[in-house]
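> fold the following.
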Amino acid sequence: MAQASETAMGEKHTIARITKDNEHFEILVKPEKALDYRLGKISAISEVLVTETIFSDANKGTKVSEEALRKAFGTTDQLKIADIILKKGTLQLTTEQRRKMIEEKRRQIVAFISKNCVDPRTNLTHPPLRIEQAMEQIHYSIDPFKATEEQAREIIKLLRQILPLKMEQISVSVHIPAQYAARAYGTIKALGTIKREEWRADGSWSGVLEMPAGVYAPFLEKIGEITKGNAEAKVIS
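Predicted coordinates:
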């Protein structure tokens, strides 16, 4: 894990790098701006670079020749090459950046597991705290750049050794009275996948939703609030 260091001008920087055909290409970047660029929050690469120079070893200040750049990237345009390095290469994170990103990714993983899994003994979801405590026992190394769902599915396999978990999709039949149908429709779409629906002549809505088993209880609660308890919903498979 890389620490941000100081340039001769006193500006913090870190390194982004990529390897092509066993050749290393590195750029000096501003840590916060580089991460924002990588995540698509900013688009001006000029805000990111400490210098436009492409190095083979940034710490030693060894520059890459134009011939090597052209061979590897098909261009000598250093801004275009820097864009490729930032988007497709490896970005060193500062300790604080990595800590924040891992913590956020951990929250996303816990939320995914809580939403998509139930305890097969009770068909109820596990509380997030219980999932977090179980995750501490398996010592899984969270990758801040790796997709949440991909890591969550890997973690679920490991958690089953110490925590009963079942990923289950259910089908739910729903009927919403006319006076609540329009308002409830957005929530219905947000919490489930509509497999079949019908807007009836009286203005009411009926349909079949597919959703993770762990979402069913929150779905009932939310729909109950919107319809003042007048909605009908039942699990059909």
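> any regions of the chain where pLDDT drops low?
Applying pLDDT under 70 to the chain flags residues 1-11.
> the domain parsing of it - what is it?
5-91, 95-166, 169-235 (automatic domain parsing).
> in a markdown table, list the ones you listed along with mean neighbour count.
No exception for glycine: its C-beta is placed from N, CA and C like everyone else's. Below are these laid out as a markdown table (neighbours: other C-beta atoms under 10 Å):
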| stretch | mean neighbour count |
| --- | --- |
| domain 5-91 | 16 |
| domain 95-166 | 15 |
| domain 169-235 | 16 |
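> with Ile113 as the reference, measure out to the spatially most central residue of the chain.
Central residue of the chain (C-alpha atoms, centre = their mean): Thr148, 4.5 Å from the mean position. Note on Thr148: its distance to Ile113, by C-beta to C-beta, to the nearest Å, is 10 Å.
> next: Arg196.
Distance from Arg196 to Ile113, by C-beta to C-beta: 29 Å.
> surely the residue nearest to the centre of the chain meets Arg107?
No. Counting by C-beta atoms under 8 Å, Thr148 stays clear of Arg107, with 9.6 Å between them.
> what is in contact with these two at once?
Counting by C-beta atoms under 8 Å, 6 or more residues apart in numbering, Thr148 and Arg107 have no shared contacts at all.
> ok now the longest helix seen in the chain, how far from the chain's centre?
Secondary structure of the chain per DSSP state H: the longest helix is helix 95-116. Here the centre of helix 95-116 is set off from its chain's centre by 8 Å, with C-alpha atoms, centre = their mean, to the nearest Å.
> swap in stretch 111-128?
With C-alpha atoms, centre = their mean, you get 20 Å for stretch 111-128.
> check stretch 226-237 too.
With C-alpha atoms, centre = their mean, you get 31 Å for stretch 226-237.
> fine by me, thanks again.
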